[in-house]
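[1] Provided below are the primary sequence and the corresponding predicted coordinates.
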Amino acid sequence: LEAVTRTAGEKEHSYVAAFRLGFIEAEPLLKRSTAAMTRQLAAKYESAALEANKAGALSMEASILKSAAVVAETLGDFRKAHDLNQRSVALYEKIPGDQQSQIEALSAYGKLKTRTGEPKAAIPILERAVAMSRAIPNPALESTALSNLASAYETLSDGANGMRYGEEALRASRLSGEKK
């Protein structure tokens, strides 16, 4: 560990970087009022998901669950984020024609699994997201899924596959930029 004097802005930046890398939990970084508002948002998402479920609105429920998973992850509640992502993916699988949302949900779920120490479990999820994005085709979604797949392999210390999928992600990202 290296002791470095930093300005307040640099400290905040390093905290955010550490959060993104998964070294520290999110909630302590949130100001008390922001954390409270985020928890309120999480409760609203849960209520809205229940209402969408009662109404049989699968697409809406899946979308709400996907958003709720992001909030749970932000609060550092990774177990809940896993559950919400898993439920979102399962619902999207039941909805014909919404492949884009299903790919986004798969990619987010795989990324979370990698971040929480389950990169081996993330790989088949992310490979599925890559295959689906190529079938559409959607280079932007493909790039995201490939980048997440590269991270999973890098977490497993498989630099060769990490580099391979990272390079594929870059190519897909460039293709995505050309289509805009």
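    Here it is on my side, so go on.
[2] look up how far Ser157 lies from the most centrally placed residue in the chain.
    Closest to where the C-alpha atoms of the chain average out (Cα atoms, centre = their mean) is Ala108, at 2.9 Å. As for Ala108, its distance to Ser157 is 24 Å (criterion: Cβ to Cβ, to the nearest Å). C-beta here means a position set from N, CA and C on the backbone, and glycine is covered the same way.
[3] quick one: residues contacting the residue nearest to the centre of the chain.
    66, 69-70, 85 (Cβ atoms under 8 Å, 6 or more residues apart in numbering).
[4] and the helix ranked longest in the chain, what's buried?
    Ranked by residue count and defined by DSSP state H, the top helix of the chain is helix 32-55. Residues of helix 32-55 classed as buried: 35, 38, 42, 45-46, 48-49, 52-53 (neighbour count, 16 or more other Cβ atoms under 10 Å).
[5] same question, stretch 126-134
    Those would be 126-130, 132-133, for stretch 126-134 by 16+ other Cβ under 10 Å.
[6] check stretch 114-121 too.
    114-116, 118-119.
[7] related to what we said a few turns ago, for the buried residues of stretch 126-134, which one is nearest Ala57?
    Relative to Ala57, the closest of these is Met132; by Cβ to Cβ it sits at 22.9 Å.
[8] name the SS class of that closest one, please.
    Recorded secondary structure, Met132: helix (DSSP: H, G, I helix; E, B strand; the rest coil).
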